[in-house]
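What follows is a predicted protein model with its sequence.
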Amino acid sequence: MKLVMFDMDGTLTDSFAFDYNCYVLAIERALNLTGVVAEWESYPHTSSSCCLEEIVRRHRGHVPTAAESRAVQARMVEHMKELHRQHGRCTAEIPGAAACLRALQEAGYAVAIASGDWEATARHKLTTARIPHEAIPAAFCDVSHVRIEIMRTALARAAAHHGGVKFDRIVYIGDAAWDVRACRELGWPLVGVGHGPHAGKLRALGTTHVIPDYTRLEPFLAALDAAAVPIAQAG
Ligand SMILES: [Mg+2]
């Protein structure tokens, strides 16, 4: 059995600019901070939880409590709902993502989700984007700040979900530089998601196969078979 594991933001769902504002606003409002800036690439690990810890540490000199983290997550979901109600803006699916997940399962693939977002905010986005996620093994940054640990947890949950199977092949689907690094570290093949200059950047980082979206299933299935572990870069 083959496992196809998906990142969420930018891979299954398209909401980055909108998310960023909700995330920053949620931290400011829930923790009474001002001038919050999220510099995703500058933190030790790219996950919502690690990013929150670094932001709060820089503002207060110590990390937030678990209750404060939960308050930020709840506030973020509230902001997303409010934007939807007032402006009709909400998380969308990457075209064809929901149908692709169903088609993969019907074709006998195991699927999983591994996201650097919190479970509470991720499930809200997946539901809003109409991605079928409830029955899919998944792991989020609630289990670890570290992306490869989230991916390993999602792998363990997917294996358990399928009766302890050892997968013949694992392919990760992701859209960011940190996905490329994680796949290189784990030795997992990667299919990138992006178009235009973004696709070029993923290829330059060593991603062997990049798709623009999931509207054409055949090229995606071919990429799943042919994708390799991202090539290590010189230097
Ligand atoms: Mg992503």
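That came in fine, so what should we check first?

Around the residue nearest to Ala110 when sequence neighbours are not counted, how many other residues sit close by?
Distance criterion Cβ to Cβ, 6 or more residues apart in numbering; nearest residue to Ala110, sequence neighbours excluded, is Leu3 at 4.5 Å. C-beta coordinates here come from the backbone N, C-alpha and C atoms, glycine included. Neighbourhood size, Leu3 [other Cβ atoms under 10 Å]: 22.

How about Gly61?
Quick note: Gly61 (other Cβ under 10 Å) scores 7 neighbours.

and it, what are its phi and psi?
Dihedral pair for Gly61: phi 90, psi 0, per degrees, to the nearest 10.

from now on call the first residue 361
I'll keep to 361 as the first residue from here, and by that count the last item is Gly421.

ok, and what's touching the helix ranked longest in the chain?
Longest helix of the chain, by residue count under DSSP state H: helix 426-447. Outside helix 426-447, the residues that touch it by Cβ atoms under 8 Å, 6 or more residues apart in numbering are 378-379, 381-383, 385-387, 389-391, 409, 412, 416, 424, 449-451, 478, 480-481, 484-485, 488.

Just after that helix, pick out the following helix or strand.
strand 452-453 (DSSP states H and E).

Which neighbouring elements make contact with whatever helix or strand comes next after that following strand?
Going down the chain from strand 452-453, the next helix or strand is helix 457-466, by DSSP H and E. Here helix 457-466 touches strand 470-474, helix 577-586, going by 3 or more Cβ pairs under 8 Å, 6 or more residues apart in numbering; DSSP states H and E.

Mind doing that once more with 6 Å?
strand 470-474 (3 or more Cβ pairs under 6 Å, 6 or more residues apart in numbering; DSSP states H and E).

The protein: helices as residue ranges?
376-391, 408-420, 426-447, 457-466, 479-488, 507-521, 537-546, 557-564, 577-586.

interface residues of the protein facing the ion?
Within the chain, the positions near the ion by Cβ under 5 Å from the ion are Asp367, Asp369, Gly370, Asp535, Ala536.

Looking at the longest helix of the chain now, give me its mean pLDDT.
Throughout helix 426-447, pLDDT has a mean value of 93.

Do you know the pLDDT at Phe402?
You called it Phe, but residue 402 is Ser. 80.

ok, now how distant is it from the ion?
In this view, Ser402 and the ion are 17 Å apart by Cβ to the ion, to the nearest Å.

count of neighbours near Ile530?
19.

Same question for Leu562.
For Leu562, using other Cβ under 10 Å, the count is 25.

Please tell me how far the nearest residue to it once chain neighbours are set aside sits from Gly566.
The shortest distance from Leu562 to any non-neighbouring residue, by Cβ to Cβ, 6+ apart, is to Gly552 (3.7 Å). Remark: distance between Gly552 and Gly566 (Cβ to Cβ, to the nearest Å) = 10 Å.
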